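Chemist: 3D, please:
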Amino acid sequence: MRALVKARLVLPLAATLAALAVAGCGGSGDSSSGDSPAALVPRQAPVFIEVAVRPEGELKSNVEALAESIGGIDDLGKLIVTELEQSATDSGEELDYGKEVEPWLGEKAGIFLDEYDGDAFTAYGIAVQTTDADATQAFVDKQAKSDEGPAEDGSYEGVDYKIERDDGMAVGVIDDFLAFAEDEQAFEAMIDASGGDSLAEEEAFADIFDTAAGSFADIFVDVGELIEQSGGSVDPEAQQFLNSAGIDAKEATAVASLVPGSDQIEIDVSSDLGGESPPSGDASDLLGSLPADSVAAIAVAGFGERVEEAVDQIDANGIPGEIPKGQFKSGLKEAGIDLEKIAGSIGNLGVFAEGSSERSVAGAAVLTTKGSGEATNTVSNIGLLLRASGTPGVTAISGKASGFSIRSADLGPKPLVVAAQGERIVIAYGRLAATRGLATGSANTLADAPAFKKAVTALAGTPISGFVDGPAALELAATLIPADQQAGFREAKPYLAKIDYLAIGAGSSGDRATAKLIAGIGK
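Modeler: All right, here's what the predicted structure looks like:
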């Protein structure tokens, strides 16, 4: 009976989601559909994914262009249909996609995940838009027949459906949707949702999901509902971090959208963080000033303010078993360390990594300050903190930069260098990385690198906050991946080699935090 389930019920499920997303492109018939698949999703479902199963125009051509450039596939739809029909034949079933599915397939499909216990979801459902409910019902009826015996019949609120005998999977037509569910209970919840009590009716969902446009797939996550379903608690350390960032996780929602381009793959994220206002600031100038041959680099705006907020939170809440409430800042001040003053002097943070092998890898964190005096004083205070903690191997450095280095067997062959020069502070692995991190007048920076310029252009005005050089990262990864994982890496390498760069941009729109991740695809 298991083979029957896979061929008769799960096959249509797979066909109408990931596979038929491309196979359905530009098919015959009226492709218009009614409501969003979210109209069949229970209101409390914390995760919902919507996919365009019949993309058209620029979206269609972009998907096809990426399939050809990444996988060398010149007709992705034909390949998918052939594989699906062959899979059905191998399972003892027959499927003629062109006659049985394509005529009624609508524009969108959606899947929801529900009943999260902290480790996994225990309920799911799928809704696929259809342009011909009668033809869809005929397809369901045909697939429900088998030499091993027909699926059982079920009915709820006037909707008839089929139930797989072994594991209870349910399938049927609800309004203008082909619907699948893990069991009868989930299927009946979809019927209830179709009556008006659905996720589509939730204001929080509608407000944020409407920000998605021109996408191939969208994922909605209700973070608060996930927390509620998993027991209603957040790890104390995670909660402390969220509080310091002004994020109320129990009120937060987010949507991520996959937007294919002809030569790039873009993921857009928009989130209502549940706090008073989203993070703001622009650290792209700092990012662009980092070394040109950086394998990867990121920059964070307003880092000092975040440190101040984190210090306030730790002081207010204490550290259980170590530091009582209200004594964190005062205890350090007694040792001559004013964390508030240190944090107040810091502006943005940049981090870069460089090297082509495990032996040559190096990197640094670069902090901007409000003045050269502040930079020197901050490094001095860090030195005080280390001496107070009894850290061994600390040696003062001299020259244009002031600071110290730390050598330890745990750190490997290179020292950890903490130094200040001008209005910058660097915390680097290796002296060369420290020197490169402190350099501000060099022309050999990321801002001058061709791939970085492409990344900035691709972000279309969103301030760049992260960058990865695709070829350099692939070369480094090849030397760092363990021998027992090299086989899988070699299989993925031809596809990873197509990535020219990764660009990350962050910003805000109204009361929402926004972000973009773009993978530039080379020929």
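
Chemist: hang on, residue 230 packs against residue 115?
Modeler: No: assessed by CB atoms under 8 Å, residue 230 is found out of contact with residue 115, at 10.1 Å. From N, CA and C alone the C-beta is placed, and that goes for glycine too.

Chemist: between those two, which is the more surrounded one?
Modeler: Neighbour count, other CB atoms under 10 Å: between residue 230 and residue 115, residue 115 has more, with 17 against 14.

Chemist: distance-wise, check residue 281 relative to residue 80.
Modeler: Counting by CB to CB, to the nearest Å, the separation of residue 281 from residue 80 is 44 Å.

Chemist: tell me which of the two has more neighbours.
Modeler: Set side by side, residue 281 and residue 80 show more neighbours around residue 80, with 22 against 18, by other CB under 10 Å.

Chemist: in the helix or strand hosting residue 380, what counts as buried?
Modeler: With secondary structure defined by DSSP states H and E, residue 380 is part of helix 372-388. By neighbour count on 16 or more other CB atoms under 10 Å, the buried set for helix 372-388 is 374, 375, 376, 377, 378, 379, 381, 382, 383, 385, 386.

Chemist: what helices or strands is it leaning on?
Modeler: helix 339-345, strand 362-369, strand 394-397, strand 402-406, strand 416-421, strand 424-429 (3 or more CB pairs under 8 Å, 6 or more residues apart in numbering; DSSP states H and E).

Chemist: now for those, which one comes closest to residue 67?
Modeler: strand 362-369 (35.6 Å; CB to CB).

Chemist: can you count the residues close to residue 177?
Modeler: If you count neighbours by other CB under 10 Å, residue 177 ends up with 27.

Chemist: doesn't residue 36 make contact with it?
Modeler: No: in this structure, residue 177 is not within contact of residue 36 by CB under 8 Å, at 10.1 Å.

Chemist: just the element for residue 352, please.
Modeler: strand 346-354.

Chemist: now that strand and helix 372-388, what's the angle there?
Modeler: Using axes from the mean of the first three to the mean of the last three CA atoms, to 10 degrees, one finds that strand 346-354 and helix 372-388 are set 70 degrees apart in direction.

Chemist: strand 346-354 versus strand 362-369: what angle between them?
Modeler: On the basis of the same axes, to 10 degrees, strand 346-354 is oriented at 170 degrees to strand 362-369.

Chemist: which helices and strands does strand 346-354 pack with?
Modeler: Where contact means 3+ CB pairs under 8 Å, 6+ apart, strand 346-354 is packed against helix 284-288, strand 296-300, helix 303-317, strand 362-369, helix 431-438.

Chemist: what mean pLDDT does the last one have?
Modeler: Helix 431-438 shows an average pLDDT of 90 in the prediction.

Chemist: next, the buried residues of the helix or strand just after it.
Modeler: Next in sequence after helix 431-438, counting helices and strands by DSSP H and E, comes helix 450-458. Across helix 450-458, burial judged by 16+ other CB under 10 Å covers 451, 452, 454, 455, 456, 458.

Chemist: kindly report the same for stretch 465-482.
Modeler: Using 16+ other CB under 10 Å as the test for burial, stretch 465-482 gives 465, 466, 467, 468, 469, 470, 472, 473, 474, 476.

Chemist: what's the farthest-apart pair in the residues you listed?
Modeler: Pairwise distances across these peak at 22.0 Å for 465 and 474 (criterion: CB to CB).

Chemist: and the closest residue to residue 268 other than its chain neighbours, helix, strand or coil?
Modeler: Leaving aside its sequence neighbours, residue 268 sits nearest to residue 257 (CB to CB, 6 or more residues apart in numbering; 4.6 Å). When classified by DSSP: H, G, I helix; E, B strand; the rest coil, residue 257 comes out as strand.

Chemist: ok, now the one 10 residues further on?
Modeler: Following three-state DSSP, residue 267 is assigned to strand.

Chemist: buried residues in stretch 51-70, which are they?
Modeler: Across stretch 51-70, burial judged by 16+ other CB under 10 Å covers 51-55, 59-60, 62-64, 66-67, 70.

Chemist: need the residues you listed in TSV with pLDDT and distance to residue 207, can you?
Modeler: Shown next, in TSV, are the buried residues of stretch 51-70 (pLDDT from 0 to 100; distance: CB to CB, whole Å):
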residue	pLDDT	distance to residue 207
51	90	21
52	87	21
53	83	25
54	81	26
55	80	25
59	84	24
60	83	29
62	85	27
63	83	28
64	82	33
66	85	30
67	81	34
70	83	34
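
Chemist: next one: residue 41, what pLDDT does it get?
Modeler: Predicted confidence (pLDDT) for residue 41: 96.

Chemist: and it, how many neighbours?
Modeler: Residue 41 has 30 neighbouring residues, counting by other CB under 10 Å.

Chemist: just for the stretch 151-300 of the chain, where's the confidence low?
Modeler: For the stretch 151-300 of the chain, the stretches with pLDDT under 70 are 211-213, 232-249, 273-279.

Chemist: all strands of it, in order?
Modeler: All strands of the stretch 151-300 of the chain, identified by DSSP state E, counting those that start in this stretch, fall at 152-156, 159-163, 170-174, 177-181, 217-222, 253-260, 264-272, 296-300.

Chemist: so which of the ones you listed gets nearest residue 358?
Modeler: Judged by CB to CB, the one of the strands of the stretch 151-300 of the chain that comes nearest to residue 358 is strand 296-300, at 15.4 Å.

Chemist: what lines up beside that closest one in the sheet?
Modeler: Strand 296-300 has the following sheet partners, assigned by DSSP bridges: strand 346-354 (antiparallel), strand 464-469 (antiparallel).

Chemist: quick check: next helix or strand after the last one?
Modeler: Using DSSP H and E, the helix or strand that directly follows strand 464-469 along the chain is helix 470-480.

Chemist: centre of the chain to the helix or strand following that next one, how far?
Modeler: Remark: after helix 470-480, the chain's next helix or strand is helix 486-496, criterion DSSP H and E. Computed by CA atoms, centre = their mean, to the nearest Å, the chain-centroid distance of helix 486-496 equals 21 Å.

Chemist: helices or strands up against helix 486-496?
Modeler: helix 470-480.
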